[in-house]
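[1] Provided below are the primary sequence and the corresponding predicted coordinates.
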Amino acid sequence: MIKMKVDELVFEMKEEMICYEQLGEEKAAQWEKNFYLWLENKNIKKKNIIQKNGISFYCIEDESVIFDMADEYLEAVENGREDEYWKNFR
């Protein structure tokens with residue numbers, strides 16, 4: 001299990017999404033904005049988020065999870081299902 005600071009996760013996700021021609025910087029920035037909205041939503045149970053010494057961490061099994069998350073977002077964008085992506089976000 002890898003604990004990544006939330007800001008590190010966001011950076012890695014944006015870097016991965018920018019590599020996708022269909023997403024680019026604009027969609028990466030939109031993902032970041034929506035991620036922080038998701039994070040701030042107190043009504044959503046966030047099983048992958050832990051707090052330690054006032055720092056938020058996102059727990060992943062390994063680095064491949066970042067690629068999977070980016071692929072899922074790409075698929076959601078291509079199919080017009082971004083709202084559904086965020087409703088089911090881990």
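    In hand now; what should we look at? Residues are numbered from 1 along each chain as shown.

[2] contacts and neighbour counts: CA atoms only from here.
    Fine.

[3] quick one, helices of the chain?
    In the chain, the helices defined using DSSP state H lie at 6-18, 24-40, 64-78, 82-87.

[4] what's the neighbour count on Tyr20?
    Neighbour count of Tyr20, defined by other Cα atoms under 10 Å: 15.

[5] next one: phi and psi at it?
    When quoted as degrees, to the nearest 10, the phi and psi of Tyr20 stand at phi -80, psi 120.

[6] let me have the helices of the chain in a markdown table, adding mean neighbour count and mean pLDDT as columns.
    As requested, those are exported to a markdown table (neighbours: other Cα atoms under 10 Å; pLDDT from 0 to 100):
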| stretch | mean neighbour count | mean pLDDT |
| --- | --- | --- |
| helix 6-18 | 18 | 95 |
| helix 24-40 | 15 | 94 |
| helix 64-78 | 16 | 93 |
| helix 82-87 | 14 | 92 |
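
[7] of the ones you listed, which is nearest Phe57?
    Among the helices of the chain, the nearest to Phe57 by Cα to Cα is helix 6-18 (5.2 Å).

[8] circling back: Gln51 is nearest to which of the helices of the chain?
    Closest to Gln51 of the helices of the chain is helix 6-18 (Cα to Cα; 10.2 Å).

[9] would you mind writing the CA trace of that closest one as PDB?
    As requested, the backbone C-alpha atoms of helix 6-18 are provided in PDB (Å, rounded to 0.1, in the frame of the first residue of the first chain):
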ATOM      1  CA  VAL A   6      -3.200  14.300  -1.900                       C
ATOM      2  CA  ASP A   7      -1.300  17.100  -3.700                       C
ATOM      3  CA  GLU A   8       1.200  14.500  -5.100                       C
ATOM      4  CA  LEU A   9      -1.700  12.400  -6.400                       C
ATOM      5  CA  VAL A  10      -3.300  15.400  -8.100                       C
ATOM      6  CA  PHE A  11       0.100  16.200  -9.700                       C
ATOM      7  CA  GLU A  12       0.600  12.600 -10.900                       C
ATOM      8  CA  MET A  13      -3.000  12.400 -12.300                       C
ATOM      9  CA  LYS A  14      -2.700  15.700 -14.100                       C
ATOM     10  CA  GLU A  15       0.700  14.700 -15.600                       C
ATOM     11  CA  GLU A  16      -0.800  11.400 -16.900                       C
ATOM     12  CA  MET A  17      -4.000  13.100 -18.300                       C
ATOM     13  CA  ILE A  18      -1.900  15.700 -20.100                       C
END
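
[10] much appreciated, bye for now.
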